[in-house]
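# Please find the sequence and the predicted model below.
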Amino acid sequence: MSGMQDIDRTCWKGIELEHPADWEMTRASLGDDPASCAFADRRYERLKLQWRALKYVPDLKDVIERRRQEDQDGESSDWRTERLSGAASGWQALVRRFEGGHVVHAGRFFDDARILMQAILVWPGKRDRALESRVLASVRPAGDRPAGSREWRAMGIRMQIASEFELLDYSADAGRIGWTFGGGKRRARLRVERIAMPRYWLKSPLRDWLSARVEPDYRWISAGEAAVNGHTGARVISRGRLRAARVFGRGRPLGVDVAWKCPVEERVYHVRYRDMASGRETVALPDHVSVECCHEVGSPRAERAANVAGGAVRQ
Amino acid sequence: MLRAVPFVNKMARVTDETGGALVEIPVRRPSWLVPPLSWVLPYSSHKRVRLDEAGRDVLRLCDGRRCIEDVIEEFGAMHKLSFRESQLPVMQLMRNLTERGILAIAGMEDNK
């Protein structure tokens, strides 16, 4: 039974899907061959997605049938494998029934994007077919937005950035999520951090905290206020220390750091942008970067209550 | 693990401080620490652990009734954290407190 569950949407490396809000992304790949991500509720890993670009069109029906046959030939008494009927449209799937639950292996080839998507869904206890169909039906290549930007939405961060920027790194430490992007002609770098529990660690004005976070090889030029998403935050402009190669090369590194505190989420957002600039050029956060905030964080207690209650899936 | 219940050491004395708490736990005097050794070797009758605000909050939630899952939920609700966001710091703190003899976890065989 799916229960009365909130549904969340995740966008990661050009893929988007909907899933219960209490399935949180626990790991994700940085590479593309294949790219992957996994979601877990508080006890089990529930969903793993893996995708890669293919030049040919795979025969998924045949792949699934062969897999089923292999399983059947070596079938143990602990589990049974069946071809899944009624899978979400476009998906080929088989289900393995264990004593304690079900594992669904599904695959789909997206013709337009030429992406092969594989999904593994784990159902401890009873299988929720409606939820399973909804999750599978929602998985798709997100594509770029009209203005050439790409949406990223996971781990509590919701943002858009030009699609030429690639995710270089991410970190998910206790209460601190950080993503680093790089790209553009001048190999600019953008780091977005979402930091929880500011009442514990933010003991000084935001501007002072931000100034102290400028890297040692950057010297801050000016600090002031910034308005972001209706919140008053801080902005620090900094300049990289001169190096001969840079003087005669591509200009001088400039940086802008913007931070604000979102009272709705009780989070501090910190956006750091580093770019090369020449002459009197100044640096600012690019127009194609937007970071959303003010989204109410689902209470874990509410999640548990939702899992216990009956009813339909709602968004 | 989530169903296990954390208990605070009954001998622990918790004193609130600005920005956290001080926990003192009596330490058994080693049998070999007798005069004249005890005259020259430093010995403290209590082990002292200073907790930051997060540690103090977690310790307060460990009342012997709440299971670990409840503590994670309460801590998450206090700070608007999702379950996973709350789980990591709470489990780290509990591990530290257990290693220092401040907490004991009961019922860990229940893995569901």
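Sure, I can see it. Here the structure is a predicted model, which means the values were calculated and not measured.

# dump the residue contacts of the residue lying closest to residue A:223 once chain neighbours are set aside.
In space, residue A:223 comes closest to residue A:236 once its chain neighbours are excluded; the distance is 4.7 Å by C-beta to C-beta, 6 or more residues apart in numbering or on different chains. No exception for glycine: its C-beta is placed from N, CA and C like everyone else's. For residue A:236, the set of contacting residues under the criterion of C-beta atoms under 8 Å, 6 or more residues apart in numbering or on different chains consists of A:207, A:210, A:211, A:214, A:220, A:222, A:223, A:256, A:257.

# quick one: which of those residues is nearest to residue A:276?
Here the nearest of the contacts of residue A:236 to residue A:276, counting by C-beta to C-beta, is residue A:256; it sits at 13.1 Å.

# What about that closest one, how many residues nearby?
By other C-beta atoms under 10 Å in any protein chain shown, the residues close to residue A:256 number 20.

# does it have beta-bridge partners, and which?
Under DSSP bridges, the beta-bridge partners of residue A:256 are residue A:237, residue A:273.

# isn't it right up against residue A:277?
No: using C-beta atoms under 8 Å as the test, residue A:256 is too far from residue A:277 to be in contact (10.5 Å).

# so what sits against both of these two?
The contact lists of residue A:256 and residue A:277 share residue A:283, where a contact means C-beta under 8 Å, 6+ apart.

# about what we covered before: how close does the residue nearest to residue A:223 get to chain B?
Separation of residue A:236 from chain B (C-beta to the nearest C-beta, to the nearest Å): 26 Å.

# Could you report the pLDDT at that residue?
We note a pLDDT of 93 for residue A:236 in this prediction.

# Now do the same contact list for residue B:33.
Under the criterion of C-beta under 8 Å, 6+ apart, the contact partners of residue B:33 comprise B:41, B:43.

# rerun at 6 Å
Residue B:33 is in contact with residue B:43, counting by C-beta atoms under 6 Å, 6 or more residues apart in numbering or on different chains.

# mind checking how far it is from residue B:26?
When C-beta to C-beta, to the nearest Å is applied, the distance between residue B:33 and residue B:26 equals 15 Å.

# How about residue A:91?
Per C-beta to C-beta, residue A:91 is found 62 Å from residue B:26.

# repeat for residue A:218
Using C-beta to C-beta, one obtains 51 Å as the distance from residue A:218 to residue B:26.

# okay, the two: which has more neighbours?
Between residue A:218 and residue B:26, residue A:218 has the larger neighbour count (other C-beta under 10 Å), namely 19 against 13.

# Pretty sure the more buried one sits against residue A:240.
Yes: here residue A:218 reaches residue A:240: they are 5.3 Å apart, a contact under C-beta atoms under 6 Å.

# okay, how far is it across stretch A:14-29, tip to tip?
13 Å (C-alpha to C-alpha, to the nearest Å).

# I should have written stretch A:52-69 there, sorry.
End-to-end span of stretch A:52-69 (C-alpha to C-alpha): 25 Å.

# Tell me the buried residues in that stretch?
A:60, A:64, A:67, A:68 (16 or more other C-beta atoms under 10 Å in any protein chain shown).

# same check, this time on stretch A:29-47
By neighbour count on 16+ other C-beta under 10 Å, the buried set for stretch A:29-47 is A:29, A:35, A:36, A:37, A:38, A:39, A:40, A:41, A:42, A:46, A:47.

# same for chain B: which of those residues are within range?
With C-beta under 6 Å from any C-beta of the partner chain as the criterion, the subset of the buried residues of stretch A:29-47 in contact with chain B comprises residue A:42.

# what's the farthest-apart pair in the buried residues of stretch A:29-47?
When the buried residues of stretch A:29-47 are compared pair by pair using C-beta to C-beta, the farthest-apart members prove to be A:35 and A:42, with a separation of 25.3 Å.

# what about the longest helix in the chain?
The chain I'm using is chain A. In chain A, taking DSSP state H as the definition, the longest helix is helix A:60-73.

# that's the wrong chain, I wanted chain B
When chain B is parsed with DSSP H, its longest helix is helix B:83-99.

# after that helix, next one along is what?
Note on helix B:83-99: by DSSP states H and E, the next helix or strand toward the C-terminus is strand B:103-106.
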